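Novice: any chance you could fold what I've pasted below:
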Amino acid sequence: MRFYLVDKVLEMSPGKYVEGVKCISLSDDIFNEHFPGYPIFPGSLMIEGMAQMSGIFLEWCRKEAGYSPRRAALTLVQKMKFRDIVTPGDRLIYRADVKSLYPEEYGVVTVKALKDGKLCAEGELLFTFLEITDPKMLEISDTISAFACRDAKIVL
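Specialist: Modelled structure (predicted):
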């Protein structure tokens, strides 16, 4: 993956929810074109950030429950709504709540992005779990997960 759209996972509760943060900076490459003179963080990148965080979380939930490693792959975006503009200097809090989780097959989360406590985006994401056959990919997945979750508070 060329870019990461979650700066840090803040809190996780196995099988229940995850929260993370993304700080929007004017130095982000996207603002060179989106839009000159009026920089707006694209909704598609908010979806990607929430999906990255949710995928890491679902993979972690599977691992905690004793399942073999699999890659969470986003397969469906539903009911996504954008409610406010996000610009450089904003700090987004992403949250994903597990709606359903069948560790051998798929997981569904409801997601939202908050800016200063105000709802910016909300929707639902569906993931399928793909077998990881390449040991290098498994290593990369573990490295990303460990880095993103290094200081996360675990709530049981």
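
Novice: quick check: buried residues in the helix or strand where Thr128 lies?
Specialist: For Thr128, the host element (DSSP states H and E) is strand 118-131. Under the neighbour-count criterion of 16 or more other CB atoms under 10 Å, strand 118-131 has 120-127, 129 buried. Placement of C-beta: from N, CA and C, glycine included.

Novice: show me where this structure has helices.
Specialist: Taking DSSP state H as the criterion, the chain carries its helices at 43-64, 135-148.

Novice: show me the one of these that comes nearest Glu11.
Specialist: helix 43-64 (10.4 Å; CB to CB).

Novice: so what does the lowest-mean-pLDDT helix or strand in the chain touch, helix or strand wise?
Specialist: Using mean pLDDT, DSSP states H and E, helix 135-148 stands out as the lowest-scoring helix or strand of the chain, at a mean of 85. With contacts taken as 3 or more CB pairs under 8 Å, 6 or more residues apart in numbering; DSSP states H and E, helix 135-148 sits against helix 43-64.

Novice: fine by me, we can end here.
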